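Student: fold the stuff below for me.
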Amino acid sequence: MGTMKKFFIYFLLIVAFYIFSKVAINGALSTTYAYKDVNVKTDISMDVAVEATNINGFAKGKILNDSGKKIEDSYIKIECYSKNNILMGTKYIEIDELNTNEEKSFEIRFNFNKVHRAEISIVDEIDNSVDEKSLLSDRELGFIALIGTFVFLTVI
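Tutor: Coordinates of the predicted model:
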């Protein structure tokens, strides 16, 4: 009976450590995000907030088509810059269709180091020098990498 009691105590200690770790990690991550400067270069109403840590971040906002015309096949372009005005990376969000006076929400995650500010604009075409990874959110890239790893491990 004493051995079972020891295993139960060890089990409780492991569970308590796991819970403490999750709470501490989530608390640390949620307090390290800081708002960054955003420069919106478009005539269309856009409310955007960019938050980033030293290694990643996200842009979240709403776009309101108050231009009087329908927006089709356009992209929201987010350029992230460092403190020394060096372009750290670019991400695109596709706008399929946005009718007059229609509002849409968007969010995109990025993994650029030490982002200091962001510039947001609406473009009709994607720059040809941009790779396909810029079109995907980093969350989608993580899922793709997970599937690729699983396929690779099952083949070997």
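
Student: switch to C-alpha atoms for all contacts and neighbour counts from now on
Tutor: Fine.

Student: tell me which stretches of the protein form helices.
Tutor: 2-32, 138-155 (DSSP state H).

Student: now do the shortest one, average pLDDT.
Tutor: Which is helix 138-155. Along helix 138-155, the predicted local confidence has a mean pLDDT of 69.

Student: can you lay out the helices of the chain as TSV showing mean neighbour count and distance to Ser45?
Tutor: TSV is the format used below for the helices of the chain (neighbours: other CA atoms under 10 Å; distance: least, CA to CA, whole Å):
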stretch	mean neighbour count	distance to Ser45
helix 2-32	11	29
helix 138-155	12	26
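
Student: quick one: low-confidence ranges for this protein?
Tutor: Filtered on pLDDT under 70, the chain yields the residue ranges 1, 29-31, 128-143, 156.

Student: what's the neighbour count on Asp37?
Tutor: The number of residues packed near Asp37 is 14, by other CA atoms under 10 Å.

Student: quick one: contacts for it?
Tutor: Applying CA atoms under 8 Å, 6 or more residues apart in numbering, one finds that Asp37 lies in contact with Val50, His116, Arg117, Ala118.

Student: which of those residues fall in strands?
Tutor: With strands taken from DSSP state E, the overlap with the contacts of Asp37 comprises Val50, Arg117, Ala118.

Student: wait, what's in contact with the last one?
Tutor: Right, Ala118. If you count contacts by CA under 8 Å, 6+ apart, Ala118 has them with Lys36, Asp37, Val38, Asn39, Val50, Ile78, Glu79, Cys80, Tyr81.

Student: could you rerun that using 7 Å?
Tutor: For Ala118, the contacting residues are Asp37, Val38, Asn39, Ile78, Glu79, Cys80, Tyr81, by CA atoms under 7 Å, 6 or more residues apart in numbering.

Student: this completes my enquiry, with thanks.
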